[in-house]
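Q: Whatever this is, show me its structure:
(one chain, ligands or ions: 1)
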Amino acid sequence: MIQISQLHKKFGKLVVLDGLDLDIEAGGIFAVLGPNGSGKTTLIKSILGMVIPNSGAIQIDGKSVLKKWEYRNQINYLPQIANFPANLSVKELIAMVKNLRPKESNEKDLIELFGLTPFIDKKLGNLSGGTKQKVNIVLTFMFDSDIIILDEPTTGLDPIALIHLKKIIQQEKAKGKTILITTHIMSFVDEIADEIVFLLDGNIYFKGSIENLKTKTEQTDLEHAIAHLISKQYV
Ligand SMILES: Nc1ncnc2c1ncn2[C@@H]1O[C@H](COP(=O)(O)OP(=O)(O)OP(=O)(O)O)[C@@H](O)[C@H]1O
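A: The predicted model follows:
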């Protein structure tokens with residue numbers, strides 16, 4: 001579904017992606033992991049066309065996406081930091097996004113599920129961090145798209161919201177969606193990911209199931225397995 005080959009991205013002299021190759025098959029939950037600054041967001045933004053690579057190819061369903069924009073309509077994206085206009089209300093923001101993306105949307109159930117009804121007329125600038133993240137989640141999941149990309153989706157969420165988030169991610173997976181998630185919360189990965197994609201030194205250092213990773217690193221829990229990967233004992 002998503003094919004990336006020989007992707008290079010530098011910011012000035014800093015090499016972030018160094019000839020990265022990655023194939024993401026259709027359907028399933030892929031956790032994109034790696035230390036801070038390893039290039040997870042850069043990779044995701046390259047797929048979304050928000051970062052322009054220096055060289056390399058990105059294809060979705062066999063078609064190159066570089067310098068194209070229409071394909072973005074088949075991707076739902078939850079950014080790591082949502083810079084919402086502070087003066088808009090939640091309702092106004094949802095209406096604005098619906099206007100920008102003329103596609104059927106299903107925000108009502110999500111607003112209710114995440115307990116956002118009492119906040120619907122409140123200005124975004126006055127909301128708590130976790131409540132803003134719930135709005136971010138509603139905006140991401142209210143459209144039906146084949147690919148869902150979530151950059152640190154759990155940030156600021158309380159345990160109940162986290163349960164709801166996990167459930168909607170599983171529901172989307174059951175519909176055959178391809179879901180990419182970056183996170184540093186290993187318990188979250190352990191619970192929901194089918195595959196781990198681990199970035200280090202500008203490349204994919206490991207791609208496979210959690211079970212494979214545990215076997216390869218001879219660790220019984222994911223956190224230690226990842227720590228072993230970073231210590232580069234398994235090149
Ligand atoms: N627009 C930019 N200009 C300059 N440097 C950038 C830019 N975007 C990212 N970088 C740098 O590229 C590197 C990779 O950043 P990126 O945000 O992709 O990492 P990450 O793996 O998502 O990190 P984290 O886990 O901390 O979110 C970092 O050193 C970052 O400072």
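
Q: In contact with Ala161: list those residues for me.
A: Applying Cβ atoms under 8 Å, 6 or more residues apart in numbering to Ala161 gives the contacts 114-115, 130, 133-134, 137. For glycine as for every other residue, the C-beta is placed from the backbone atoms N, C-alpha and C.

Q: And what about Ser5, helix, strand or coil?
A: strand (DSSP: H, G, I helix; E, B strand; the rest coil).

Q: Tell me who's in contact with it.
A: Ser5 touches 21, 56-57, counting by Cβ under 8 Å, 6+ apart.

Q: quick one: it and Gln74, what's the gap?
A: 20 Å (Cβ to Cβ, to the nearest Å).

Q: buried ones in the top helix by length along the chain?
A: For the chain, the helix with the greatest residue count under DSSP state H is helix 159-174. Going by neighbour count (16 or more other Cβ atoms under 10 Å), the buried part of helix 159-174 is 161-162, 164-165, 168-169, 172-173.

Q: As TSV, those with distance to the ligand would be great.
A: Shown next, in TSV, are those (distance: Cβ to the nearest ligand atom, whole Å):
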residue	distance to the ligand
Ala161	21
Leu162	19
His164	24
Leu165	18
Ile168	23
Ile169	19
Glu172	22
Lys173	23
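
Q: Where do the strands of the protein begin and end?
A: 2-11, 14-24, 28-33, 55-60, 63-64, 75-78, 147-151, 178-182, 195-200, 203-208 (DSSP state E).

Q: mind checking how far the last one is from the chain centre?
A: When you say that, I think you mean strand 203-208. 17 Å (Cα atoms, centre = their mean, to the nearest Å).

Q: helices or strands next to that strand in the packing?
A: strand 14-24, strand 195-200, helix 210-217 (3 or more Cβ pairs under 8 Å, 6 or more residues apart in numbering; DSSP states H and E).

Q: Dump the ones you listed into a markdown table; add mean neighbour count as well.
A: Shown next, in a markdown table, are the helices and strands packed on strand 203-208 (neighbours: other Cβ atoms under 10 Å):
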| stretch | mean neighbour count |
| --- | --- |
| strand 14-24 | 17 |
| strand 195-200 | 21 |
| helix 210-217 | 16 |
